[in-house]
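>>> Curious how this folds, go ahead:
(chains A and B)
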Amino acid sequence: MNRFAESIVKFKWLIILAVAGLTVFFSYQANNLHINADIISSLPDDDPAARLYKEIGTQFGGNDMGMIVLETDDVFKAEVIQHVKQITDSLKYTNGVSTVTSLTNILDIKSSEWGIEIGKLVDEYDLPVEQSQLDSLKNYVFSKEMYKGAVVSEDGTATAIMFTLLPDEDKQAVAKEIKDKIETLDLPETIYFGGLPMMMNDINDLIVSDIVWLIPIVFFVIAIILLLSFKSFRWVLLPLLTAGLAVIWTMGLMAVTGYELTIISNIIPVVLLAVGSAYTIHVLNSINHNKLADRKQALVQALRHILVPVILAAVTTAIGFVSFVFGAYLTMIKDFGIFTALGTLIALVLSIFFVPALISGLSMYNKKTVIENEEKQTILTHKILLPLVKFLFKHPKYTLIGWGVLLMLCIGGISLIKTSVNMADYFKKDNPTRVAEDVMQKKFGGSLPVFVVFEGDMQSPEVLKMMISTEHFMKEDPNIEITQSVADLIEQMNDAMGEGKKIPDDKAKIEQLWFLLDGQDVMPQLVNDNLSKGIIQSKFASVDSKELEAFTAKMNRFIEENPNEHCKIELTGMPSVYVKLNSSLINSQYNSLLIAIIMVVLIVGLILRSASKGIFAAIPVVATIIVLFGFMGITGIPLDIATVLVASIALGIGIDYSIHVITGFNKHLISHGDAEKAIEETILLSGKAVIINVISVSAGFLVLLFSQIVPLQNFGLLVAVSMFGSGFGALTLLPVILILVNRKRKIIANNQ
Amino acid sequence: MKSRIQTAVMTAIIVAGSVFSANAQDASTILKKMDNVMYSPKDMTGKNKIILIDKNGKEEIREATVQQKGNDKRMFRFTAPASQSGIAVLSLPNDVMYLYLPAFGKERRIATSAKNQNFAGTDFSYDDMESVLFSVKYTPKLVKTEGNVYVLELTPVGGKSDYSKVIVHVNKTDYYPELMEYYDKGNTKVKVAKYTFKKIGDYWNASEIEMTDLKKNHKTKMQMSDVKYDTGLTDDDFTVRKLKQ
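From the prediction side, this is the model:
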């Protein structure tokens, strides 16, 4: 250990040079870090429903579909129709847009006794202006299932303009251009933008805004706290420098390994700044507490003392982060876990190599801090810690009972925890995407796409009939309004040929009806090129997890109960994905928590060479996790893709406080021999470090309250709550347990 | 001396004027001559091969026989692929069309006012297929002469076209079109048609038209073979009764 510390001092310039070089390299790489706003791409490939959904979305262009909704008091007004045409034209002449469908250009197919009339619903060169024309248009639109609730909302106050993007286009760029263009039209109606391309554009902005706003705020907040705690610029500079470098390296590493910034990983800088500065503080603290006159020797000795505790602190934290790699459903959560864990380890490495090297190289030894620390200690000691110690010794049982009551209350609260998987909930209530989603849901039967995939000969009567009966079954669900498939079109064409609205029994007839459909814009959205695969497209109107679950279960049962040799049927879409996401949230919570607890207890026990101490150390954090879940249940903060991470992170960081207290207790017990005295000194000395760490980490995470993404706001709040919980637990619950265990031991010893 | 100058000025004015008027006249004359080349036969029969090429280069081939009388009567009868064999489309004046599907053994009348729809999965819209004289549908402007072509810019007469303009390259010696570029109202080039003309008897025949939809990156080649002109087709050959045969 000594040799290790000495060689750091010896090779200080090499270390400083290497860090500088790597920083230049990584910051250059970090510039190439791309933003990935596509939430769909984060769905895991090992879940069949999610994989199928991604495949279908790409193959049938559903993921390239956008929607503009125009809301007013009555759509059937001359000027509103005129505005719809304006939007339609403006979309049509945007590069990257493939097709546009709206009230003013939709194809209207009427079949009559003598044949088929193919025309436009509205003549775009002669828009209706007279009230009588408008009235008859309204009546016609509401008489056809094809338009009602699809193109015009059932209450007649909103109309949708659907568009598809060309597959090879930069979707976000096109979405942005569309938004800008429509906004410059400055129409009096309320306009909403929906669909994945528009949503991605929005998410992209959110990610950028979080990066731009949160990083400076967290820097500032942590700097203030460090300054207040240590009253020295050096103490502000060095921790922030190492944490900042850890951020740069991590971002650079992400870019080098081909990862992208997502709505989750965009908070890695905030998390690393909040967590990573602590290790440097540990190292600095140890250096300053060493009273050896020879500065170089002091540094070596200080390093030797701090090495194990600081490694322990970082490794447990990294375990907390990495634990959800095994349980998470979305790949972006896994990526977040991997890179925050890596970043934590980078911060650790920088703290034990770079900080001492820098101090020794630039002779940055601090002279005053020791005295200052002692001054501060008295304030903190007299006002908070001393009264605390007195109370704990006087009322250990009350303290325990107090915790017991709190935990019982929280266990009750746990049953109230809800889960949330609806992606619209990720956005703040006033976010345009969220508002647009709400409107889609209210006016146009929801926005959750449902696909039923049929694999077989798409021109076979049996397959098409199966599609029709599946559609009938789907529509029995109150949350399904409209379904669309090539089978519907064949029925319509068969009707146009004068043979009724049904699928012909003769395949030759279907093949010839196909002649009428060939080349229609809608066909690539319904069948693939070689006609071996086709889909029923629909939308689900509710995001309630029970209804989603009931629907997918019912659909899957229907598919199972209707086996046939002509085609393979599979259900996918957002309801299926949400159901999986929902069950995986709870699963991954259990898994990651279990992994984290076992790993932490194991490592702590191993390093402290005592299984019981490992368990003691875990008690305050386990209690904290119970408090955390209780808090979530009582306040109604749901378990979602981000809040599911809190427990493991809280465990990883919070265990440090317990370790502090236990190692402190061990040290003082050896030097004093008296357990009670050891506990008192531990609380007085380690208490300060714990409190400062709780405050700085919590403050760092609380910066996430300024995030644009709701789960991240909740995540920040909950981590802060957990930090307070585990800090408080380490300073009250753990000492009380130690006191009581010791008294018991004494009694037993005395009795013997 | 004076009179010489006068003469020179006069000549200059006349020349300039005639050049100017020749220019204006030229554009519409050129277009009329092009119409003449394209639409002069009384009737035509032949075989049509339609090759659809998607963006991955995958080809799909259809074959049909074509009969046409004048500019507004046309019968398309598909012969391949087998599943579409026998399907026939009869186009008559005033946007009246009849479709015959042999599997149903009956015809249906199709009235289509939506002319920007593509014809039977090709990249030709009904509008493109329509044999209305270019000089009727468009106002021409001579943009430039280049090599062996006149470059005309055609602007649709009236507002009811999906195109804002069509740029046509007309062969200088024989007046058939070599290239047409269609622009949408956002002034983006959306389609390109390449023509290959061959002389058959007295007439020039478009032996191949290759239409590319630049947005969809999809191509249609229409190839004509076994073309015969003026064989004396009558209105009787363009009836619903004939359609069903």
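
>>> Residue ranges in the chain under the pLDDT threshold?
You didn't say which chain, so I picked chain A. A:1, A:62, A:327, A:364-378, A:380, A:752 (pLDDT under 70).

>>> look at chain B instead
By pLDDT under 70, the low-scoring segments of chain B are B:1-25, B:113-115.

>>> Would you map the strands across it?
Assigned by DSSP state E, chain B shows strands spanning B:43-53, B:59-69, B:73-80, B:88-92, B:96-101, B:106-112, B:138-146, B:149-156, B:163-171, B:177-184, B:189-200, B:203-213, B:218-229.

>>> can you redo those as JSON lines with distance to chain A?
Quick note: C-beta positions are derived from backbone N, CA and C, even for glycine. Putting these into JSON lines (distance: least, CB to the nearest CB, whole Å) gives the following:
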{"stretch": "strand B:43-53", "distance to chain A": "9"}
{"stretch": "strand B:59-69", "distance to chain A": "9"}
{"stretch": "strand B:73-80", "distance to chain A": "8"}
{"stretch": "strand B:88-92", "distance to chain A": "9"}
{"stretch": "strand B:96-101", "distance to chain A": "4"}
{"stretch": "strand B:106-112", "distance to chain A": "3"}
{"stretch": "strand B:138-146", "distance to chain A": "17"}
{"stretch": "strand B:149-156", "distance to chain A": "11"}
{"stretch": "strand B:163-171", "distance to chain A": "9"}
{"stretch": "strand B:177-184", "distance to chain A": "6"}
{"stretch": "strand B:189-200", "distance to chain A": "10"}
{"stretch": "strand B:203-213", "distance to chain A": "10"}
{"stretch": "strand B:218-229", "distance to chain A": "9"}
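
>>> Point me to the residue of chain B nearest chain A.
Minimum separation of chain B from chain A (CB to the nearest CB) falls at residue B:186, amounting to 2.5 Å.

>>> which residues touch that residue?
A:92, A:93, A:94, B:164 (CB atoms under 8 Å, 6 or more residues apart in numbering or on different chains).

>>> hmm, back to that, can I get the strands of chain B in a markdown table with mean neighbour count and distance to residue A:170?
Conversion of the strands of chain B to a markdown table gives the following (neighbours: other CB atoms under 10 Å in any protein chain shown; distance: least, CB to CB, whole Å):
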| stretch | mean neighbour count | distance to residue A:170 |
| --- | --- | --- |
| strand B:43-53 | 18 | 26 |
| strand B:59-69 | 18 | 29 |
| strand B:73-80 | 20 | 40 |
| strand B:88-92 | 21 | 40 |
| strand B:96-101 | 20 | 40 |
| strand B:106-112 | 18 | 36 |
| strand B:138-146 | 16 | 33 |
| strand B:149-156 | 19 | 32 |
| strand B:163-171 | 21 | 26 |
| strand B:177-184 | 19 | 21 |
| strand B:189-200 | 17 | 20 |
| strand B:203-213 | 19 | 21 |
| strand B:218-229 | 18 | 21 |
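
>>> of all the ones you listed, which lies closest to residue A:16?
Among these, strand B:189-200 comes nearest to residue A:16, with 59.4 Å by CB to CB.

>>> in its sheet, what does the closest one sit against?
Sheet pairing of strand B:189-200 (DSSP bridges) gives strand B:177-184 (antiparallel), strand B:203-213 (antiparallel).

>>> what comes into contact with the longest one?
Residues from elsewhere that reach strand B:203-213, judged by CB under 8 Å, 6+ apart: B:37-38, B:40-41, B:122-124, B:128, B:174, B:176, B:190-199, B:218-225, B:227, B:229.

>>> ok, 7 Å please
For strand B:203-213, the surrounding residues in contact (CB atoms under 7 Å, 6 or more residues apart in numbering or on different chains) are B:37, B:40-41, B:123-124, B:174, B:176, B:191-198, B:219-224, B:227, B:229.
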